[in-house]
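1. This is the structure alone, sequence omitted:
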C-alpha cells in the first residue's frame, strides 16, 4: 500500500532534505508540498494525505494552527528548528518531534512511529492543539476565488446551510466550508451563536431585532439588513439566549 | 542659588508664613501688654521678613558642610556657630529696629521690651535658626535622593542597552538551527554552496561576537555583517529574496552603533518578505551628505496585516537606543511607502579620528 504524504515547510532546502530522506521509503508518495500554513491547510483538507511532515514556524499559519483549523490529528510528524514554546508543549504532552537538523536515522525513527499509529490520533495532540476549550475562535474557509482564509468567529454575521456546505456571511462577503451545520453548531459558543432555523445560525452580536410576519412567524433582522427566517424552536432558543 | 528663590510659588507661601508668624508675635506682645497692637506690628512684621530671608542662608551652610561619617564634628560645629551667629544678628537687628521707635515718639521703642522678654526672644531666635538648619539638611537629603534616582534610571537605561547588545551578540537559535538544516540539505545537493553557507554563518557569528562592548563601528563593518547574514538568508529563501545594497565609498567610514542595520534587515525578512508568496526586494541604502549619514531600509509587505506581536517594538527600541547616544541629533522614522515599508535613520556623520 502506498502512503500519500504532504510536506509542509516554508524553506526550499528543508523541503529538499525531506524529499531526500523519503527516497529510501519507496512506499511513500509525496502528493503535495506547501510553503505556508494556509497552503498546508488547504492541501490537508483537499488531499487528505496519510502522512504530514509539518513545520511549526511557517508564514500565515503555524503548524499548530493548521491542525487547530483543520481538525487533523493523525499521521503528523512535526519538525522545528527551535520554537521553545512548541517544544515545551511537545514535551509536556509527550508528542514526538524532529529537531532540525536531524539525521536520516532519526527521521526514519519518527516515520516508523507515525506508520505504527497510522489512522490513529497522535496521543496528547488534542490537548496540545486546542487548549482553549470546546468552542472554536477561528474557522478555515474558502473564499470566492478558491483560496483559503482564516475567519475570526466574532466577524461572522450569520451562517447558512447549503447542501453539503455552510456559507459564512461576514462583512458583506461569503465564504464556504465543507461542513454540516449541525456539527458547526456544536463548535460555536452557544452564548453568541444561536441556531434560529434548520438552515441558519446567527451571531447575536449582529442581530438588530425581530420582526413578526403576517403568518405569525418571526424574521431576524441582521445589522446588514438581511432578514433570516426563525423557526418555532429557533424562536424558543433565541428567547432563551437573549 | 537657594531652590526656593527660583520657585516663586514656594517663595510666596514661605513669605506668607513669615508674615503670619510676625502677626502672631505682634498679637502675643500686645496681649502681654508690652505695646499696642499697631506698634507691635510695626516692629514684628519687618523683623519676621528679615529673619525669614536670613534663615535661607542655612542652605549654604548645610551644603558646604555635609554631615558625613568623617567630618561630622566639623559640620556640627559649623551649624552651631551659624545658628548662634544668625540668632545674635537677629536679636541685634531687633534691638536696633526697636530703637528706631524712639524716632516715632515711643519712649521705649516700638515695644517696651523687658530683659526677660529679650531672653525669650533670644531663645526663640536660636530655636528658629536651629529648625531652619535641620529643615535645610532634610531638603538637601531629598534633593540628593532625587538626583540619585534620576542617575539610577539613566543607568538602568544604559544597562538595558548593554543587555540588548549582549542578547544580540548571542546566537539566535532559530536562525542558527535553520541555517544548519539548510547546510545539511546542501551537502548532497550542492557541496560548494554548503561550504560557502557554513563560512558565511561562521563569519556572521564571529563578527557579531566581536561587537560586544563596542560603542561605534564603521558602516563598512556593519554592512559586512549584514551581507553575511543576507547571504545565509538568500540561500534559505532562494528566489524570494532579491537584494539591492547601495553604499557609496564616502559613506563607508561613517561610525554608527553596532547592529543598527542588521536587526532592520532581519525585521524586513521576518515581517515583510517571508510572509509574502513571491518574496520581493530588500533595499538598503546609505548616503553621506551635509554632515549627516542617511540610512534607509525598505521592503514590500504582505497583503494581510501581520499577526506577530512585538511589531514596532524593535523600532521603538532602536529609536530609544539612538536617542540615548545622540540625543536629538539622531532621527528614526518608519512607515508605509510606495515600496511597502521603509525605515529611515539620520545620524551625525562622524568618522574615527586617525
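-> It's in. Small disclaimer: the values here were computed from a predicted structure and weren't measured.

2. CA atoms for contacts and neighbours, from now on please.
-> OK.

3. ok, how many other residues are close to residue B:8?
-> Residue B:8 is flanked by 11 other residues according to other C-alpha atoms under 10 Å in any protein chain shown.

4. tell me the pLDDT at it?
-> Listed pLDDT for residue B:8 reads 86.

5. So it versus residue B:223, what's the distance?
-> Distance, residue B:8 to residue B:223, using C-alpha to C-alpha, to the nearest Å: 55 Å.

6. Just after the one helix or strand residue A:110 maps to, pick out the following helix or strand.
-> For residue A:110, the host element (DSSP states H and E) is helix A:104-116. For helix A:104-116, the succeeding helix or strand toward the C-terminus, using DSSP H and E, is helix A:125-129.

7. can you give me how far that next one is from the chain middle?
-> Its chain's C-alpha centre and that of helix A:125-129 lie 13 Å apart, by C-alpha atoms, centre = their mean, to the nearest Å.

8. Next: stretch A:168-186.
-> How far stretch A:168-186 lies from its chain's middle: 13 Å, per C-alpha atoms, centre = their mean.

9. Now do it: distance from first to last residue.
-> For stretch A:168-186, the end-to-end distance is 16 Å (C-alpha to C-alpha).

10. Please give me every residue in contact with residue B:48.
-> B:18-19, B:21-22 (C-alpha atoms under 8 Å, 6 or more residues apart in numbering or on different chains).

11. what does the least confident helix or strand in chain A by mean pLDDT contact?
-> Lowest on mean pLDDT, DSSP states H and E among the helices and strands of chain A sits helix A:125-129, with a mean of 77. Here helix A:125-129 makes contact (C-alpha under 8 Å, 6+ apart) with A:64-65, A:67-68, A:73, A:89-90, A:93, A:95.

12. ditto for stretch B:248-267
-> B:168, B:211, B:214-220, B:222-223, B:225-226, B:229, B:282, B:286-288, B:293, B:297, B:318, B:322, B:343, B:347, B:349-352.

13. and residue B:346, which of the three is it?
-> Per DSSP: H, G, I helix; E, B strand; the rest coil, the secondary structure class of residue B:346 is strand.

14. ok, for residue A:186, nearest residue in space, not its chain neighbours?
-> Once flanking residues are discounted, residue A:186 sits nearest to residue A:135: 7.7 Å by C-alpha to C-alpha, 6 or more residues apart in numbering or on different chains.

15. Just want the most central residue of chain A.
-> Nearest residue to the geometric centre of chain A (C-alpha atoms, centre = their mean): residue A:69, 1.8 Å.

16. Is that residue part of a helix or strand, or is it coil?
-> Classification of residue A:69 using three-state DSSP returns helix.

17. you'd agree it is up against residue A:135?
-> No - checked against C-alpha atoms under 8 Å, the pair residue A:69 and residue A:135 is beyond contact range at 11.9 Å.

18. show me where the chain has helices.
-> No chain in the question, so chain A it is. Ranges of helices in chain A, per DSSP state H, are A:12-22, A:37-47, A:63-70, A:84-92, A:104-116, A:125-129, A:181-187, A:232-241.

19. To clarify, I was referring to chain B.
-> Along chain B, counting by DSSP H, helices occupy B:8-31, B:37-56, B:58-64, B:72-99, B:115-169, B:173-189, B:191-210, B:219-237, B:262-267, B:313-326.

20. of all those, which lies closest to residue A:35?
-> Among these, helix B:219-237 comes nearest to residue A:35, with 11.0 Å by C-alpha to C-alpha.

21. pLDDT below threshold where in chain B?
-> B:155, B:159-171, B:304-311, B:354 (pLDDT under 70).

22. Share the number of residues neighbouring the residue of it found nearest chain A, please.
-> For chain B, the residue closest to chain A is residue B:181, as judged by C-alpha to the nearest C-alpha, at 4.3 Å. For residue B:181, the count of nearby residues is 20 (other C-alpha under 10 Å).

23. so who does the closest residue in space to it that isn't next to it in sequence touch?
-> Nearest residue to residue B:181, sequence neighbours excluded (C-alpha to C-alpha, 6+ apart): residue A:101, at 4.3 Å. Residues in contact with residue A:101 (C-alpha under 8 Å, 6+ apart) are A:81, B:177-178, B:180-181, B:184.
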